[in-house]
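Enquirer: quick one, what's the 3D model for this:
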Amino acid sequence: MAIDERAAARAVLDAVGGPENVVSAAHCATRLRLVLKDDSRADRAAAEAVPGVKGVFAAQGQLQIIFGTGIVDRVTEAFLEAAHLGHESKKDVKAAAAGKQNILLRAIKTIGDVFVPIIPAIVASGLLMGLLEGLGRAVPSLADSGFFTLLNLFSNAAFTFLPILIAVSAAKAFGGNPYLGAVIGMIMIHPNLVNAWSAAEAAVPQIPVWFGLYSVPAVGYQGHVIPVVLAVFFMSRLERFLHKIVPAMIDLFVTPLTSVLVTGYVTLSVIGPVFARLETWVLGGVEWLITIPFGIGAFLMGGLYALTVVTGVHHMYNVIEAGMLSSVGLNTWMPIASAANVAQGAAALAVALRAKRKKTKAMALPASLSAFLGITEPAIFGVNIRYLRPFAAGAVGGACGALVSSLFGVGATAYGVTGVFGFLITTEYAFGYLISLVTAAVVGFAVSWLLGFREEPDGETMA
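Expert: Below is the predicted model of the structure:
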């Protein structure tokens with residue numbers, strides 16, 4: 001059903017306290033993101049009642065109003081005009097919201113700021129890698145062709161040089177020079193260091209550091225992400241400090257030189273050796289968790305995943321996924337997230353089919369389809385959280401689907417893609433991935449249908 005975007009924008013503006021209560025506004029794929037001066041002045045119930053609104057929730061210091069793809073662009077344009085605001089990027093709005101968050105949420109937001117921007121590169125390489133694996137099995141003779149070799153080079157480029165991609169993105173997130181960040185990433189995988197993927201630590205040469213008081217292995221940091229992020233964080237803080245104290249006349253020469261020299265030394269002598277080991281332990285712990293016999297760990301994580309989406313901390317999984325891809329080339333976390341997302345979509349579908357009110361049906365059905373394609377906010381925030389029981393049903397379905405994916409050993413060649421489109425990056429495990437999604441959807445739908453929900457005549461809902 002078409003809506004009047006201008007009327008919807010004005011109604012939302014009234015519901016959040018008028019123009020004088022709005023600090024900034026922008027939108028993402030599905031949501032109008034607002035930073036308000038006084039959150040208590042916002043009437044969420046009134047905002048949810050606006051035609052076209054699929055849900056309202058507060059996260060990451062922002063009031064986020066779900067309209068859906070396409071519509072949100074036009075509503076945002078009308079909102080900016082009605083509120084007398086200029087165009088701002090999502091980054092500007094996030095920056096305005098950051099000051100309202102505690103240190104833990106700011107840290108999690110920063111992780112997202114580092115890893116989310118490189119998703120297109122990871123997806124491009126992962127999709128191509130998945131397609132090549134499928135073609136290689138379907139037509140084995142292709143694997144010996146020059147064209148296949150060329151495409152294979154394209155497919156692994158992002159993973160080969162992943163530390164550089166992460167370094168550039170981290171420098172932008174931490175306020176450093178992205179090109180200096182790139183240099184730090186290059187240092188960490190320089191060909192003069194032994195490639196970490198082919199090194200046996202006992203056989204590699206040692207680098208004497210700090211006047212020979214101790215030595216570190218001359219091994220690169222292929223397969224690691226956390227040391228790169230921390231190294232660039234150090235570089236960015238150092239660079240910003242130097243800009244403040246170095247005279248302007250020599251700043252152009254002194255600051256870059258000192259930043260690279262000091263950061264490179266500290267990285268190879270301290271940050272790299274220490275945090276590479278810690279990252280190995282963390283990844284080992286996560287892999288142990290999701291491979292606990294009988295899929296118990298995967299079951300638990302599949303059930304809890306949607307809750308982390310609600311709290312806004314799910315971007316921290318990007319670190320785990322990038323680490324898995326970089327170290328072993330297989331992301332076994334993605335199928336768990338995908339099962340959880342599909343289950344929430346199936347739970348919303350049950351709501352759509354059982355609902356008596358046209359507005360509920362009109363909101364739940366497209367939200368469900370969106371979740372099957374990997375965009376879950378409309379289903380989670382617009383439908384399932386409102387009624388609670390469908391959300392719990394989705395968690396049960398996600399747990400069961402994740403259990404199946406663990407038993408089948410499903411893995412992906414990228415991250416950032418879930419749901420139906422996830423088949424493109426799970427070609428080698430397509431059957432197991434299919435069974436896990438079907439399990440998640442059937443269980444999520446069935447439990448949601450059996451639990452039901454109460455829909456009041458006046459539109460108010462109760463769990």
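Enquirer: nearest residue to residue 238 other than its sequence neighbours?
Expert: Once flanking residues are discounted, residue 238 sits nearest to residue 259: 5.5 Å by C-beta to C-beta, 6 or more residues apart in numbering. Heads up, the C-betas are built off the backbone N, CA and C, glycines and all.
Enquirer: so residue 364 sits against residue 346, correct?
Expert: No. Contact between residue 364 and residue 346 fails when scored by C-beta atoms under 8 Å: they sit 11.3 Å apart.
Enquirer: partner strands of the helix or strand harbouring residue 34 and their direction?
Expert: Using DSSP states H and E, residue 34 sits within strand 31-36. Applying DSSP bridges, strand 31-36 is found paired with strand 22-27 (antiparallel), strand 62-66 (antiparallel).
Enquirer: any idea which of those is most buried?
Expert: Burial of the strands paired with strand 31-36 is given as mean neighbour count (mean count of other C-beta atoms under 10 Å); strand 62-66 ranks first at a mean of 26.
Enquirer: mind checking how far that strand is from the chain centre?
Expert: 18 Å (C-alpha atoms, centre = their mean, to the nearest Å).
Enquirer: next SSE after it?
Expert: Strand 62-66 is succeeded, C-terminally, by helix 71-83 (DSSP H and E).
Enquirer: which other helices and strands contact that following helix?
Expert: Here helix 71-83 touches helix 5-15, strand 22-27, strand 31-36, going by 3 or more C-beta pairs under 8 Å, 6 or more residues apart in numbering; DSSP states H and E.
Enquirer: so which residues make contact with the strand holding residue 34?
Expert: 12, 16-17, 21-27, 42, 61-67, 72, 75-76, 79, 90, 93, 96-97, 100, 377 (C-beta atoms under 8 Å, 6 or more residues apart in numbering).
Enquirer: once you drop chain neighbours, what's closest to residue 444?
Expert: Nearest in space to residue 444, with sequence neighbours left out and distances taken as C-beta to C-beta, 6+ apart, is residue 397 at 2.6 Å.
Enquirer: in the stretch 351-463 of the chain, which ranges drop under the pLDDT threshold?
Expert: 456-463 (pLDDT under 70).
Enquirer: try 90
Expert: 356-364, 366-367, 369-371, 373-383, 385-388, 413-418, 420-421, 424-428, 453-463 (pLDDT under 90).
Enquirer: need the strands for it, in chain order.
Expert: Remark: strands assigned in the stretch 351-463 of the chain by DSSP state E, counting those that start in this stretch are 454-455, 461-462.
Enquirer: do you know how far residue 347 is from residue 419?
Expert: In this view, residue 347 and residue 419 are 14 Å apart by C-beta to C-beta, to the nearest Å.
Enquirer: of the two, which one has the most company?
Expert: residue 347 (39 against 20; other C-beta atoms under 10 Å).
Enquirer: packing partners of the one helix or strand that one maps to?
Expert: Element membership for residue 347 (DSSP H and E) is helix 334-354. In this structure, helix 334-354 packs against helix 296-311, helix 358-372, helix 377-379, helix 389-408, helix 430-451, with contacts taken as 3+ C-beta pairs under 8 Å, 6+ apart.
Enquirer: ok, which of the ones you listed comes nearest residue 157?
Expert: helix 430-451 (24.4 Å; C-beta to C-beta).
Enquirer: show me what the helix or strand that the strand holding residue 34 is followed by is packed against.
Expert: Next helix or strand after strand 31-36 toward the C-terminus (DSSP H and E): helix 44-48. Contacts defined by 3+ C-beta pairs under 8 Å, 6+ apart place helix 44-48 against helix 5-15, strand 55-59, strand 62-66.
Enquirer: with just CA atoms, put the second one into CSV.
Expert: In other words, strand 55-59. Extracted as CSV, the C-alpha positions of strand 55-59 are listed here (Å, rounded to 0.1, in the frame of the first residue of the first chain):
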residue,chain,number,x,y,z
GLY,A,55,8.8,-0.6,13.9
VAL,A,56,10.6,1.8,16.3
PHE,A,57,13.5,1.1,18.6
ALA,A,58,16.4,2.8,20.3
ALA,A,59,19.9,1.5,19.7
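Enquirer: deepest-packed of the helices and strands packed on helix 334-354, please.
Expert: For the helices and strands packed on helix 334-354, the largest average neighbour count (mean count of other C-beta under 10 Å) is found in helix 377-379, namely a mean of 29.
Enquirer: that one packs against which elements?
Expert: Using 3+ C-beta pairs under 8 Å, 6+ apart, helix 377-379 sits against strand 62-66, helix 334-354, helix 358-372.
Enquirer: ok, which of the ones you listed comes nearest residue 426?
Expert: So among the helices and strands packed on helix 377-379, helix 334-354 is nearest, using C-beta to C-beta, at 7.0 Å.
Enquirer: any idea which of the helices and strands packed on helix 44-48 is most buried?
Expert: By mean neighbour count, with neighbours taken as mean count of other C-beta under 10 Å, strand 62-66 ranks first of those at a mean of 26.
Enquirer: can I get the CA coordinates of that one in CSV?
Expert: Extracted as CSV, the C-alpha positions of strand 62-66 are listed here (Å, rounded to 0.1, in the frame of the first residue of the first chain):
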residue,chain,number,x,y,z
GLN,A,62,19.8,6.7,18.0
LEU,A,63,16.0,6.4,17.6
GLN,A,64,15.6,4.1,14.6
ILE,A,65,12.4,4.1,12.7
ILE,A,66,11.9,1.2,10.2
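Enquirer: residues contacting the residue lying closest to residue 210 once chain neighbours are set aside?
Expert: Nearest residue to residue 210, sequence neighbours excluded (C-beta to C-beta, 6+ apart): residue 269, at 6.7 Å. Neighbour list for residue 269: 207, 209, 210, 216 [criterion: C-beta under 8 Å, 6+ apart].
Enquirer: residue 31 versus residue 269, what's the distance?
Expert: Residue 269 sits 44 Å away from residue 31, taking C-beta to C-beta as the criterion.
Enquirer: also residue 350?
Expert: Counting by C-beta to C-beta - residue 350 and residue 31 are separated by 24 Å.
Enquirer: same thing with residue 290?
Expert: 30 Å.
Enquirer: settle it for me: which of the two has more neighbours?
Expert: residue 31 (26 against 22).
Enquirer: against residue 106, how distant is the more buried one?
Expert: Per C-beta to C-beta, residue 31 is found 20 Å from residue 106.
Enquirer: same deal with residue 136?
Expert: Residue 136 is 44 Å from residue 106, by C-beta to C-beta.
Enquirer: then residue 406?
Expert: The gap separating residue 406 from residue 106 is 33 Å, by C-beta to C-beta.
Enquirer: quick check: residue 113 touching residue 166?
Expert: No. Using C-beta under 8 Å, residue 113 is not in contact with residue 166; the gap is 11.8 Å.
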